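> Mind folding the following:
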Amino acid sequence: MIPARYQASRFPAKLMQDLSGKPVIVRTYESALGTGLFDHVYVVTDSEEISRAIADIGGKVIMSRNRHESGSDRIAEAVEDMDVDIVINVQGDEPFIDQESLSKIIEVFNQDREGEIDLASLMTPITDWEEISDPNTVKVIVDRENHALYFSRSPIPYPRDREAAATYYKHKGIYAFRKRALMDFQKLPMLPLEAKEKIEAIRFLEYGKKIRMVETHVTGIEIDTPEDLERARKAWK
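From the prediction side, this is the model:
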């Protein structure tokens with residue numbers, strides 16, 4: 001499922017911007033389809049323009065009935081009546097998604113025989129302090145088994161001791177959900193930590209859901225700003 005909202009606070013209409021001859025959302029859809037990992041790939045949107053762009057290439061689109069605050073809410077509505085076990089959320093602004101990383105988060109559920117993991121997601125090590133300090137970069141800290149402890153726009157852990165060894169991880173906004181966790185999400189009200197940070201993954205933690213983080217070294221480019229789009233155009237070529 002690829003949630004796709006036309007209006008974005010930092011970069012309006014970014015998903016319809018041209019990326020080497022096709023809109024960003026079309027590139028993302030084709031990249032997800034091209035992995036060959038999924039039974040079905042859908043774009044879930046409230047935008048007629050995005051819907052037409054996907055329909056024009058023969059893609060699958062689900063139009064949202066309600067107004068949603070997050071991509072997870074939008075996907076929950078779309079899959080509510082579907083007979084599925086695992087739902088993958090690929091962000092519409094991530095056209096550089098790769099098969100290897102997606103395979104890793106799917107494998108989490110193949111190995112979770114007891115059904116203890118509610119979600120799986122990706123993280124990648126970062127070392128540049130400007131990126132670590134950037135509030136547009138969501139950071140995550142994990143326990144010894146790579147279960148998420150917290151997500152933040154602030155640098156976590158805080159570098160009180162610069163000599164102490166610690167790896168900083170950037171959270172990549174790709175999730176794999178058990179359907180039941182996704183359906184719970186849309187029913188649970190937003191709590192103060194999520195409201196403060198504006199990070200939807202925090203809601204799962206606040207309600208006791210278990211998130212397994214998987215490390216990947218494939219960074220890609222998330223298109224959040226016009227500058228990101230320019231970098232993406234160069235990389236795509």
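> Could you check the pLDDT of residue 9?
Looking at residue 9, its pLDDT reads 66.
> buried sites along stretch 63-72?
64, 68, 70, 71, 72 (16 or more other Cβ atoms under 10 Å). C-betas here are computed from N, CA, C, even on glycine.
> same check, this time on stretch 26-44
In stretch 26-44, counting by 16+ other Cβ under 10 Å, buried: 26, 27, 28, 29, 31, 32, 35, 41, 42, 43, 44.
> What of stretch 4-15?
Within stretch 4-15, judged by 16+ other Cβ under 10 Å, the buried ones are 4, 5, 6, 11, 14, 15.
> Quickly note the distance from the residue nearest to the spatial centre of the chain to residue 179.
Geometric centre of the chain, nearest residue: residue 173, 2.4 Å, by Cα atoms, centre = their mean. Computed as Cβ to Cβ, to the nearest Å, the residue 173 to residue 179 distance reads 19 Å.
> Residue 128 too?
Per Cβ to Cβ, residue 128 is found 37 Å from residue 179.
> likewise residue 89?
Distance of residue 89 to residue 179, given as Cβ to Cβ: 12 Å.
> which one of the buried residues of stretch 4-15 sits closest to residue 106?
Nearest to residue 106 among the buried residues of stretch 4-15 is residue 4, at 21.7 Å by Cβ to Cβ.
> Quick check: phi and psi at the closest one.
Main-chain dihedrals, residue 4, degrees, to the nearest 10: phi -140, psi 110.
> OK, contacts around it?
15, 25, 43, 44, 45, 47, 50, 92 (Cβ atoms under 8 Å, 6 or more residues apart in numbering).
> you'd agree the fifth one is up against residue 7?
No: no contact is recorded between residue 45 and residue 7 when judged using Cβ atoms under 8 Å, the distance being 11.2 Å.
> For the chain, give me the ranges with low pLDDT.
Along the chain, segments meeting pLDDT under 70 span 9.
> the longest helix in it is where?
Counting residues, the longest helix in the chain under DSSP state H turns out to be helix 99-111.
> Report whether residue 161 is found in a strand, as I expect.
No: using DSSP: H, G, I helix; E, B strand; the rest coil, the assignment for residue 161 is coil, not a strand.
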